[in-house]
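Student: what shape does this take:
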Amino acid sequence: MKKIGLIAGVSFLAGALFFALSFGFLQKSNEQKPVLDTPVVQAEAPVTGLDTINFAPVVKKVKPAVVKVVSESIRENRFGDGFLDQFFNIPQRKERVPGIGSGFLISSDGYIITNNHVVANAIKVSITTIDEKEYKAKIIGTDPKTDLALLKIKADNLPYIALGDSNKIEVGEWVLAIGNPLGQDLTVTAGIISAKGRQLGLADYEDFLQTDAAINMGNSGGPLINMDGQVIGINSAILAPAGGNVGIGFAIPSSLARKVIDDLKNKGRVVRGYMGISIQTLSGKDAEDLDYSSGGALVAKVEKGSAAEKAGLQKWDLIVGINGEAVKKADELSTRIAELNPGDKVVLEIYRKTAKMTITVIAGEAPESEIFKSRGGDLDKTVDLGMVLIDNSPSVAHEYGLKTSQGIVVKQVERGSVAEHNGIRPQDVILEVNRRELRNVADFRNIITDKKPGSMLMLYVNRDGDEGFVRFVLPE
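Tutor: Coordinates of the predicted model:
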């Protein structure tokens, strides 16, 4: 969190503030999902001209598709040190934490898009529509790397909003933000697109639209609408020194959200393109010092056996274009690569010292990485294990200094999570679960999906070269 007051998780904090004042405790917020149907929510004509502005026709069309997302999560607290608590079997103290956020319907059969931080760790999610009907929502999938989530409610013939093309939106165009700021349901604010392509360091893949349409705590997950009545952004964060709106809000562009939502809907997870390179931004001045004619994304490392190596990409190559579009920063190139599907052909324009050339790369699949959740038949049985797992490989083992390239790697363990309480540590390599060898992360997912809350798993783990068992109990 920067001192300038960057606030992500707007809806989470909004819900927390609103419920804290109303009910005496803190909480979180929720929702998300995509659609490619023909738009049924569309303004009759674009609004143009300062002297003739009338947002009412657009608002009338899209507002019925905007929803309130209410979540409930469980916070587990121990009284002392986690290891000692576990050793002496000291029980955890559990408390329910509610929250409020925003979202919007993208299909007539009940798919909803919201932010991941609105529904993260939720055990219950409910949706309230404009006509005050309440539905229980199912989390279809979440993507922390873009802060998006897809939800589903059981209903038909619902009003919905189509995803527009955020690539076509221009700085200076009018937009509307709709959501539930500070508990004020279905509030509409107007502004313009202030900038495009913002990176804030809040998620792995970012390409934020900046707007001065008022966005406050509780707006997270709500739509940013163009004058054709289409969603061109999902409101996600604000930049403010005091926590309130000062005209600097950010939305995830629909162009980035579309693939994420489609993957979550059709595959249950996001499949991203991968080249196997490490890159960093090279400024114009630094480029001159290194005898390049322009800035771009400088290749710092090429993984052995990767798609990039097979295509002939080398360390010190400067990537200045991808599929005919200019590359100025490493972040924007990473986002473009992630939007690819495995097998896609990618044409890179590069400088190798003073020589300009093109290289064609066949994109691979990014190593699978996700915070695992064991889902029962009902949403209230969702269990967050709180660990990020990735497939192991010789290159991964080398990168993390592991003693084996087998099994799957624990990349991250959330503080206070189920994984931490069960003794799992970052860089543990899980080789087997209940005598079953793990080839990849998908194997682990398949095993825990069949287990009921309270089940015991025996994990065979390699930790710094030593191998042994870790007893892991799925929480009830």
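
Student: based on its surroundings, how many neighbours for residue 201?
Tutor: Per other CB atoms under 10 Å, the neighbour tally for residue 201 reads 11. For the C-beta atoms, the positions are set from N, CA and C on the backbone; glycine is no exception.

Student: again, but for residue 53
Tutor: For residue 53, the neighbour count with other CB under 10 Å is 12.

Student: also residue 205?
Tutor: With other CB under 10 Å as criterion, residue 205 counts 22.

Student: so what's it up against?
Tutor: Contact partners of residue 205, counting by CB atoms under 8 Å, 6 or more residues apart in numbering, are 145-146, 256, 334-335, 338.

Student: next, give phi and psi for residue 259.
Tutor: phi -70, psi -40 (degrees, to the nearest 10).

Student: contact partners for the closest residue to it other than its chain neighbours?
Tutor: Setting aside the residues directly before and after it, residue 259 is nearest to residue 339 in space (CB to CB, 6 or more residues apart in numbering), at 5.6 Å. By CB under 8 Å, 6+ apart, residue 339 lies in contact with 256, 259, 272-273.

Student: in TSV: the contacts of residue 205, plus distance to residue 362 and neighbour count.
Tutor: Shown next, in TSV, are these (distance: CB to CB, whole Å; neighbours: other CB atoms under 10 Å):
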residue	distance to residue 362	neighbour count
145	23	18
146	24	26
256	23	24
334	18	19
335	19	21
338	16	21
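
Student: so which of these belong to helices?
Tutor: Counting by DSSP state H, those place 256, 334-335, 338 in helices.

Student: nearest to residue 280, of these?
Tutor: Nearest to residue 280 among those is residue 334, at 10.4 Å by CB to CB.

Student: which one (most neighbours) among the contacts of residue 339?
Tutor: The most crowded member of these, judged by other CB under 10 Å, is residue 272 (27 neighbours).

Student: quick one: low-confidence ranges for this protein?
Tutor: Flagging of the chain using pLDDT under 70 yields the residue ranges 1-52, 74-95, 241-244, 285, 368-384, 476.

Student: how does it divide into domains?
Tutor: Domain assignment for the chain, taken from automatic domain parsing, gives 6-267, 273-365, 369-473.

Student: which one of those is the most hemmed in?
Tutor: The highest average neighbour count among the domains of the chain, using mean count of other CB atoms under 10 Å, belongs to domain 6-267 at a mean of 21.

Student: out of the contacts of residue 339, flag the one nearest to residue 410.
Tutor: Distance to residue 410 across the contacts of residue 339 (CB to CB) is lowest for residue 272, with 20.4 Å.

Student: hmm, that closest one is touching residue 365, no?
Tutor: Yes: if you go by CB atoms under 8 Å, residue 272 and residue 365 touch, sitting 7.3 Å apart.

Student: identify the contacts common to the two.
Tutor: Counting by CB under 8 Å, 6+ apart, residue 272 and residue 365 have no shared contacts at all.

Student: now for the helix or strand hosting residue 308, which elements pack on it?
Tutor: Assigned by DSSP states H and E, residue 308 falls within helix 307-311. Here helix 307-311 touches strand 296-302, strand 355-362, going by 3 or more CB pairs under 8 Å, 6 or more residues apart in numbering; DSSP states H and E.

Student: which strands and helices lie in contact with the longest one?
Tutor: Put plainly, it is strand 355-362. By 3+ CB pairs under 8 Å, 6+ apart, strand 355-362 packs against helix 307-311, strand 345-352.

Student: and residue 439, which of those is closest to it?
Tutor: Taking those one by one with CB to CB, helix 307-311 is closest: 20.8 Å.

Student: next one: the very next helix or strand once past that closest one to chain centre, how far?
Tutor: Once the chain leaves helix 307-311, the next helix or strand it forms, by DSSP H and E, is strand 318-322. Chain-centre distance of strand 318-322: 26 Å, with CA atoms, centre = their mean, to the nearest Å.

Student: pull strand 318-322 out as CSV, backbone CA atoms only.
Tutor: Output of strand 318-322 as CSV, limited to C-alpha atoms (Å, rounded to 0.1, in the frame of the first residue of the first chain):
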residue,chain,number,x,y,z
LEU,A,318,14.6,-5.9,-27.0
ILE,A,319,10.9,-6.6,-27.8
VAL,A,320,9.3,-3.5,-29.4
GLY,A,321,6.2,-5.0,-31.0
ILE,A,322,3.8,-7.9,-30.7
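
Student: now for the helices and strands packed on helix 307-311, which one comes closest to residue 472?
Tutor: strand 296-302 (34.2 Å).

Student: what's in contact with that closest one?
Tutor: The contact list for strand 296-302 (CB under 8 Å, 6+ apart) reads 276-282, 287, 308-309, 313-321, 327-330, 333, 351.

Student: how close does residue 107 get to residue 279?
Tutor: To residue 279, residue 107 is 37 Å away according to CB to CB, to the nearest Å.

Student: and for residue 469?
Tutor: The value you get for residue 469 to residue 279, if CB to CB is used, is 40 Å.

Student: for residue 202, phi and psi?
Tutor: When read as degrees, to the nearest 10, the backbone of residue 202 gives phi -90, psi -30.

Student: give me the distance between residue 319 and residue 343.
Tutor: In terms of CB to CB, residue 319 sits 20 Å off from residue 343.

Student: related to what we said a few turns ago, dump the helices and strands packed on strand 355-362 to JSON lines, plus distance to residue 132.
Tutor: Listed next are the helices and strands packed on strand 355-362 as JSON lines, based on distance: least, CB to CB, whole Å:
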{"stretch": "helix 307-311", "distance to residue 132": "51"}
{"stretch": "strand 345-352", "distance to residue 132": "49"}
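
Student: who wins for proximity to residue 126 among these?
Tutor: For those, the distance to residue 126 is smallest for strand 345-352, at 42.3 Å, taking CB to CB.
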